[in-house]
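A.B. asks: Got a predicted model here, sequence first, then my questions.
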Amino acid sequence: MSSHAPGLGRVGIWAGDFDLLSAADVRQAATAIEDLGYGTLWFPETTGREAMAQAAVLLAATQRITVAAGMADIYARDAVTTAAAQRTLEEAFPGRFLLGLWDSHPSLAEDVRGHRFGPPLATMRSYLDALDTAPFGPPGTTASPHRVLAALDPGMLALAAERTRGATVLGMPTAYTHIARKTLGDDRLLAVTQLCVLSHDRTHSAELTRTTAAAALPNRLGLLRDLGYPSPDALDDRLVDAIVAHGRAEDIADRVQEHLDAGADHVSLHLLTAEPHIPPLRQWEQLAAHLPT
């Protein structure tokens, strides 16, 4: 196993819509993201491609960029299979793969995959135990330290600090970045994902911005109340602005810097557009010209 930890760079892309694209378009988009200088290409695992196979496609299509499975569903593979897959990718692409583990959702775990959805913290802890003792993988490889947890609540953040390299936090205001950093401590990785809509006309993009913010609400209501938004369901303009960075490239770059100033080590951008089935190559390029390096 490579001893080199994946380097993320300061800013990456969260490719939340890659499952809507053909494999050929995914490879082309990955190459474009690398050529634009982004440090890491993140992707989730929900109802589309299997995470480890997707990671292999992206790693093979690129040469330098770190590929991060930001939300690999722990109910999609037993821990022995996940460990073997991670070791295989690390052997083939040394220092370029980061595994992010996600505790899934009851409907995905039970209705789709046919498992019993367990208590998230206890289930994740048991899964990490099994990863550490998994016996299979390429010759000479051992348990990998290159893991993070997809975490929102303080309990999962604390587990990430205890057992992994750190955490990735998706779709929260910069005020929560302060809290996540305090919970993780100074010696753990904090990667945050910022939802964003790029437009020179905020009025023109207002509907997409509000729809994006609304989609982020269900798993975050309690956390948002604790941050000082007493009625997040009302989705007032202050909350929409806090969840979604929208406007010009300079405005989104300012939000990235706010996360970095609040304690994030890395910020990935989940760029939402009105045509999610088309890779936003020009918009990624516009953003790249204004982002911190």
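C.D. replies: All right, it came through fine. Numbering: from 1, shown residues only.
A.B. asks: ok, and the closest non-adjacent residue to Val256?
C.D. replies: Distances taken as CB to CB, 6 or more residues apart in numbering place Val267 nearest to Val256, at 4.7 Å, with adjacent residues excluded. Backbone N, C-alpha and C define where each C-beta goes, glycine included.
A.B. asks: hang on, I meant Met156
C.D. replies: Per CB to CB, 6+ apart, closest to Met156 is Leu149, 5.9 Å.
A.B. asks: So what's the predicted local confidence for the one you found?
C.D. replies: Listed pLDDT for Leu149 reads 98.
A.B. asks: Can I take it that it is in a strand?
C.D. replies: Yes. Assessed by DSSP: H, G, I helix; E, B strand; the rest coil, Leu149 belongs to a strand.
A.B. asks: my guess is it meets Arg125, correct?
C.D. replies: No. Between Leu149 and Arg125 there is no contact under CB atoms under 8 Å: 10.4 Å.
A.B. asks: if you count what's nearby, which of those two comes out ahead?
C.D. replies: In this view Leu149 and Arg125 are compared by other CB atoms under 10 Å, and Leu149 has more residues nearby, 26 against 14.
A.B. asks: contacting residues for Gln257?
C.D. replies: Pro292 (CB atoms under 8 Å, 6 or more residues apart in numbering).
A.B. asks: now the strands: where do they sit in the stretch 1-150 of the chain?
C.D. replies: In the stretch 1-150 of the chain, the strands defined using DSSP state E, counting those that start in this stretch lie at 11-14, 40-44, 66-73, 97-102, 147-150.
A.B. asks: Of the ones you listed, which is nearest Leu260?
C.D. replies: Leu260 lies closest to strand 11-14 among the strands of the stretch 1-150 of the chain, at 9.0 Å (CB to CB).
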